[in-house]
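Student: would you be able to build a 3D model of this:
(chains A and B)
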Amino acid sequence: MNECFQTLMDYGLRSQGIGEKLLPRSDFTLCQQFVLIGSGMTWNIYFGVVAVFAGFFLATALALGKGSRHLWIRKPSEWFIFVFRGSPLFVQFFFAYFLFLSLKQAHPAFSPFTSAWLGALVVLFFNTSAYSAEIFYGALQSIPKGDIEAADAYGMSGWPRFRRVIWPTMLRLAWPSYTNEAIFMFQSTTLVFFSGFPATQQRGDALYYANYFADKTFNPFIPYPILAMYFILLTLLVIWGYGAVNRYLNRHLPQERRSRLTFRPNVIR
Amino acid sequence: MCSDPSALHGFSWLACYLTTAKHMGLYWSFGTVLLLLAITAPTALLFGFGGASAARSRFAPLRWFGKAYIALVRGVPDIAFFLFFVIALDQGIEYVRHLFLCPSTDGPVRQGNDFIVCAAAKMPLGNSPQWVHETYGFSLAVITFAIVYGAFAANVLFGAMTAVPRGQLETAEAYGMSHRQTFWRVLVPQMWVYALPGLSNLWMVLIKATPLLFLLGVEDIVYWARELGGSKTPNYTDYPHGDWRMWYFFFLLVFYLSFTRLSELVLNRIMAKLTFGQATAAGEKQRRAAA
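Tutor: Predicted coordinates for the structure are as follows:
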């Protein structure tokens, strides 16, 4: 037990470069695998939380843009959504990484973009924005006509109408699908360190360490189930958080009309 | 014409450059992607059908297995499964062969950090030609894809099976059909209409998952794009160039965009055909538009 505590102190934040420099090389204990893979989860959580949070705002803007009457707003939004939804995230990562490498040669200001914490984050941010925007756009299209007419009847227009009627309804309708998108985003963060972005000094995410252990021990039956356990926990946490928001968004509705969250990740992609 | 590349300029240089033997490898790897899709899509559908039927089974352990299969594969990142299954399947196959081919060997298969099977149980055999190795790797990739995306398909088909109106099944029972007959003669033929939107979505997911072949060690388009795009010095190749990986991946991006776009158009067409005359919202919309 004490030994395991020591491992936790040494490797608990190894993925962020804090603690022991060298990774364990032989005689891997179960504790080491749990601690290091858990340590890598900090990257997955960081990427997921920041991308989903920032993506929420861009997605709202893109959804409104796609629904806009003005060609000059609608077309760019449609293309943005099409490009990021129509191509594999894996290829997007590679392209972005090499793009940033070229930009770095043109201007040194781009050098932070070639490391994962910023470069991959940008890709994930754009990607989740595009997918969420499509969900929000669909919700925007299915807002009951009566709601908008009622807002008009109250003399609302422009910003107040959007802020108090359209936006909350859009979120309410989109929320179950949006939850799935968030879950999928967290899962997609595992691609980062397998797609060009270097894990400097072996600071990688959970899958990076799970793969490290599987390669070293040649036994996939321990690290990957550990990783799976962490991800299932994370998924449950996301469902719980989004469920709370969902209840809040539906609080004015009678009980049986409330939309329930269903666990259906990936199906929307 | 391409015998002395250093003398070439402009378009003719590019034409020669794009037809080198290595570039042919790149073009063939597009075939690999299409082949993977052509094999995986039906296999995954089969796995999905098995999973969905298992999840509906009246036999509890089978039902739990089906539901666990669907929930587990979808709750965990797919690339974790890719990395896992490729080793796990390989070791599983070698272990079974080990048990059958050389049962007299002593010692456990797993010794410390090594996985040891006798030489006859190696898969593929150490002395087999290169193409056997490649085919074996590709088949492992196909099975892995089928297992992972089979779970997605199982989810879609399970949903579709529950979407078939209850009355249809009750009518079948009233006609005296057995459980099995109801399943095959009533439920299965009717579920496809409900499954199609989900399955077309899955097709898109599958297309976008093909670059993950790279992670499974297959020489696919991502492999070639990295390989060919990297900067080349004159003493390494006749066609020296800087770091062009960005352009190669841009090309891949365009390829995937056109592929998904084309699929979307075709699938929309099929959907429109299938909804024609159906008593659904989409069918009603079609009728109104025509009237």
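
Student: show me where the chain has helices.
Tutor: All of this refers to chain A. For chain A, helices defined by DSSP state H occupy the ranges A:2-11, A:30-66, A:71-86, A:89-106, A:116-141, A:145-153, A:158-161, A:167-188, A:206-217, A:223-249.

Student: hmm, no, I was thinking of chain B.
Tutor: B:10-17, B:21-55, B:60-75, B:78-101, B:130-163, B:166-174, B:179-181, B:188-209, B:221-229, B:245-275, B:281-290.

Student: as TSV, those helices with mean pLDDT, mean neighbour count and distance to A:Ile183 would be great.
Tutor: Glycine gets a C-beta too; all of them are placed from N, C-alpha and C. Converted to TSV, the helices of chain B look like this (pLDDT from 0 to 100; neighbours: other Cβ atoms under 10 Å in any protein chain shown; distance: least, Cβ to Cβ, whole Å):
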stretch	mean pLDDT	mean neighbour count	distance to A:Ile183
helix B:10-17	80	13	44
helix B:21-55	89	17	20
helix B:60-75	85	16	8
helix B:78-101	86	18	12
helix B:130-163	87	20	14
helix B:166-174	89	13	30
helix B:179-181	88	11	35
helix B:188-209	86	18	14
helix B:221-229	86	21	25
helix B:245-275	89	16	22
helix B:281-290	76	11	28
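
Student: could I get the ones you listed as CSV with distance to chain A?
Tutor: Formatted as CSV, those follow (distance: least, Cβ to the nearest Cβ, whole Å):
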stretch, distance to chain A
helix B:10-17, 19
helix B:21-55, 11
helix B:60-75, 5
helix B:78-101, 4
helix B:130-163, 6
helix B:166-174, 20
helix B:179-181, 27
helix B:188-209, 4
helix B:221-229, 7
helix B:245-275, 4
helix B:281-290, 11
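
Student: JSON lines for these, including distance to A:Glu78?
Tutor: JSON lines is the format used below for these (distance: least, Cβ to Cβ, whole Å):
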{"stretch": "helix B:10-17", "distance to A:Glu78": "33"}
{"stretch": "helix B:21-55", "distance to A:Glu78": "26"}
{"stretch": "helix B:60-75", "distance to A:Glu78": "29"}
{"stretch": "helix B:78-101", "distance to A:Glu78": "28"}
{"stretch": "helix B:130-163", "distance to A:Glu78": "27"}
{"stretch": "helix B:166-174", "distance to A:Glu78": "40"}
{"stretch": "helix B:179-181", "distance to A:Glu78": "49"}
{"stretch": "helix B:188-209", "distance to A:Glu78": "17"}
{"stretch": "helix B:221-229", "distance to A:Glu78": "27"}
{"stretch": "helix B:245-275", "distance to A:Glu78": "12"}
{"stretch": "helix B:281-290", "distance to A:Glu78": "22"}
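
Student: which stretch among those comes nearest A:Phe98?
Tutor: Of all those, helix B:245-275 sits nearest to A:Phe98, with 3.9 Å by Cβ to Cβ.

Student: if we can go back for a sec, how about the helices of chain A in TSV, adding distance to chain B, mean pLDDT and mean neighbour count?
Tutor: Formatted as TSV, those follow (distance: least, Cβ to the nearest Cβ, whole Å; pLDDT from 0 to 100; neighbours: other Cβ atoms under 10 Å in any protein chain shown):
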stretch	distance to chain B	mean pLDDT	mean neighbour count
helix A:2-11	18	84	14
helix A:30-66	9	94	21
helix A:71-86	4	94	16
helix A:89-106	4	92	21
helix A:116-141	11	93	22
helix A:145-153	16	90	12
helix A:158-161	27	90	11
helix A:167-188	4	90	22
helix A:206-217	5	90	23
helix A:223-249	4	91	17
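
Student: TSV for those, including distance to B:Arg185?
Tutor: TSV is the format used below for those (distance: least, Cβ to Cβ, whole Å):
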stretch	distance to B:Arg185
helix A:2-11	59
helix A:30-66	44
helix A:71-86	39
helix A:89-106	42
helix A:116-141	36
helix A:145-153	43
helix A:158-161	54
helix A:167-188	34
helix A:206-217	45
helix A:223-249	38
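
Student: looking at these, which is nearest to B:Ala291?
Tutor: Closest approach to B:Ala291 among those is made by helix A:145-153 (21.5 Å; Cβ to Cβ).

Student: now do the closest one: which elements does it pack against?
Tutor: Under the contact criterion of 3 or more Cβ pairs under 8 Å, 6 or more residues apart in numbering or on different chains; DSSP states H and E, helix A:145-153 touches helix A:158-161.

Student: switch to 10 Å and redo it
Tutor: The contact analysis (3 or more Cβ pairs under 10 Å, 6 or more residues apart in numbering or on different chains; DSSP states H and E) places helix A:145-153 against helix A:158-161, helix A:167-188.

Student: the helices of chain B: which one's closest to A:Val91?
Tutor: Taking these one by one with Cβ to Cβ, helix B:245-275 is closest: 5.0 Å.

Student: so the closest one versus helix B:221-229, what angle?
Tutor: 150 degrees (axes from the mean of the first three to the mean of the last three Cα atoms, to 10 degrees).

Student: what is helix B:245-275 packed up against?
Tutor: Secondary-structure packing of helix B:245-275 (3+ Cβ pairs under 10 Å, 6+ apart): helix A:71-86, helix A:89-106, helix B:21-55, helix B:188-209, helix B:221-229, helix B:281-290.

Student: what residue in chain A is the furthest from its centre?
Tutor: Most distant from the centre of chain A: A:Ala153, at 39.1 Å, with distances by Cα atoms, centre = their mean.

Student: what sits against that one?
Tutor: Listed by Cβ atoms under 10 Å, 6 or more residues apart in numbering or on different chains, the contact set of A:Ala153 reads A:Gly146.

Student: before we move on, the earlier item: tell me which of the helices and strands packed on helix A:145-153 lies nearest to A:Pro223.
Tutor: A:Pro223 lies closest to helix A:167-188 among those, at 16.9 Å (Cβ to Cβ).

Student: from the contact counts, what lies against the closest one?
Tutor: Counting contacts by 3+ Cβ pairs under 10 Å, 6+ apart, helix A:167-188 packs against helix A:30-66, helix A:89-106, helix A:116-141, helix A:145-153, helix A:223-249, helix B:60-75, helix B:78-101.
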